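Engineer: I'd like to go over a predicted model; first the sequence, then the structure.
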Amino acid sequence: MTLTSIRPGQPWLDTAGNRIQAHGGSVLHDDGVFYWYGENKEHSHRGSGIWHWGVRCYSSTDLYNWHDEGVIIPPTPEDPSSPLHPGAGMDRPHIIKNPHTGKYVCWIKVMGEGDASTQLSTVLVADSLLGPYKVVHEAFRPLGMNAGDFDLVVEPTDGKAYYYFERVHSELICADLTADYTDVTGYYSTHFPQPQPPFVREAPAHFRRGSQHYLITSGTSGYFPNPSEAAVAPSYHGPWQVLGDTHPDDDSRTSYRSQLSSVFKHPHKKDLYIAIADRWLPTLPAERSNQTELFRRMFAGEDRATIEADAPDEFIDPDTSIADYVWLPITFDGDRPLIHWHDEWRIEDFD
């Protein structure tokens, strides 16, 4: 069936009729084609022990109908020490194209097993967006820091690249990347310091509108959604002014039961920015979706067994193979970005 609209929160199938598996994902427009890539969760069923099955990519010419291009960064099930092992907590791949070298550079983060505070970075490079990718830096700490959720940004005027990442359970960092995009230069700035989860800002999604830079972030509460927060600045390194929740119409305070992974500016529209988000726990009722109090208790040192006794099953072992997507257009009230709910919407309805 050919799709002619986007239906947020509904199962999204590819052109072969299979669930799209591009979680924690982004969209890249390259040579007239849209590419949507992200974590492949097709085998991440409850009890499977499989966090991911590589990075999968889809192509489209209309943002509605997506052709499966396959797994462009495969898992390495034969090597338990690899950051791409299916049991490793590989999250949020981001791919940027270097206009100077023509290379495609992918960064991933990998969470340490049994220790959420240990989060390492791996960098891969390819001559084609669809691969094959070669690891050039494995399991390292950029700037000597544990680096969590992140975003990569390329300045279109000069090709300089920036790396926004959560310094795990602490603050947000903006770091300059080297000319080949595979490492940090050492220059960085710090933003949004917080004492502990769930208050720490993660999942940074950067976009630029005119001369203004925006970041939309979430709190730190695992797969459970929480209120998003927007901030605006005159440059990549700030200073950032917090603007508040981007989902003011959502009484559940869960960002429509989703978490943003990126914001995509449509290249052929004057002012269409699309918030790309995951609904990680689609079967969890809205009234149970916001579990930030559980994470506050956990990081306050309360016994985990006591916390788990009060938590839904998804707290312990979520089934992310059935996670859905929430794509919504961003509107603006002055400088403030707002995300309103639409049961269905069309690209063609925007200038």
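Structural biologist: Yep, it's here.
Engineer: CA atoms for contacts and neighbours, from now on please.
Structural biologist: Fine.
Engineer: helix/strand/coil for the residue nearest the centre of the chain?
Structural biologist: Relative to the mean C-alpha position of the chain, the nearest C-alpha, by Cα atoms, centre = their mean, is the one of S261, at 2.6 Å. Each residue gets one of three states, and S261 gets strand by DSSP: H, G, I helix; E, B strand; the rest coil.
Engineer: quick one: it and G24 touch, right?
Structural biologist: Yes - with contact defined as Cα atoms under 8 Å, S261 counts as touching G24 (5.1 Å).
Engineer: need the overlap of contacts for these two.
Structural biologist: Residues touching both S261 and G24 (Cα atoms under 8 Å, 6 or more residues apart in numbering): 92, 277-278.
Engineer: which one of the residues you listed is nearest to T185?
Structural biologist: Using Cα to Cα, R92 is the member of the shared contacts of S261 and G24 that lies nearest T185, at 22.0 Å.
Engineer: skip the chain neighbours and tell me the closest residue to that closest one.
Structural biologist: Nearest non-adjacent residue to R92, counting by Cα to Cα, 6 or more residues apart in numbering: G24, 4.6 Å away.
Engineer: give me the number of residues near the one you found?
Structural biologist: By the measure other Cα atoms under 10 Å, the count of residues near G24 is 24.
Engineer: please tell me the pLDDT value assigned to it.
Structural biologist: Taken from the predicted model, the pLDDT recorded for G24 is 97.
Engineer: ditto for G114
Structural biologist: Here, the pLDDT recorded for G114 equals 62.
Engineer: swap in the one 10 residues further on?
Structural biologist: According to the prediction, L124 has pLDDT 98.
Engineer: let's number from 32 now, not from 1
Structural biologist: In the new numbering, first residue 32, that becomes L155.
Engineer: all strands of the stretch 32-181 of the chain, in order?
Structural biologist: Remark: strands assigned in the stretch 32-181 of the chain by DSSP state E, counting those that start in this stretch are 54-61, 64-70, 86-91, 98-104, 120-128, 135-143, 146-157, 165-171, 178-185.
Engineer: pLDDT weak spots in the chain?
Structural biologist: Under the criterion of pLDDT under 70, the regions of the chain flagged as low confidence span 145-146.
Engineer: one step back: contacting residues around the residue nearest to R123?
Structural biologist: For G55, the contacting residues are 69-70, 122-124, 291-292, 308-309, by Cα under 8 Å, 6+ apart.
Engineer: can you check L359 too?
Structural biologist: For L359, the residues meeting the contact criterion (Cα under 8 Å, 6+ apart) are 39, 305-307, 370-373.
Engineer: pull out the buried residues from the residues you listed.
Structural biologist: When neighbours are counted using 16 or more other Cα atoms under 10 Å, the contacts of L359 contain these buried positions: 39, 305-307, 370-372.
Engineer: Throw the residues you listed into JSON lines and include secondary structure and distance to G217, thanks.
Structural biologist: What follows is the buried ones among the contacts of L359, written out as JSON lines (DSSP: H, G, I helix; E, B strand; the rest coil; distance: Cα to Cα, whole Å):
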{"residue": "P39", "secondary structure": "coil", "distance to G217": "40"}
{"residue": "I305", "secondary structure": "strand", "distance to G217": "32"}
{"residue": "A306", "secondary structure": "strand", "distance to G217": "30"}
{"residue": "I307", "secondary structure": "strand", "distance to G217": "30"}
{"residue": "I370", "secondary structure": "strand", "distance to G217": "35"}
{"residue": "H371", "secondary structure": "coil", "distance to G217": "39"}
{"residue": "W372", "secondary structure": "coil", "distance to G217": "41"}
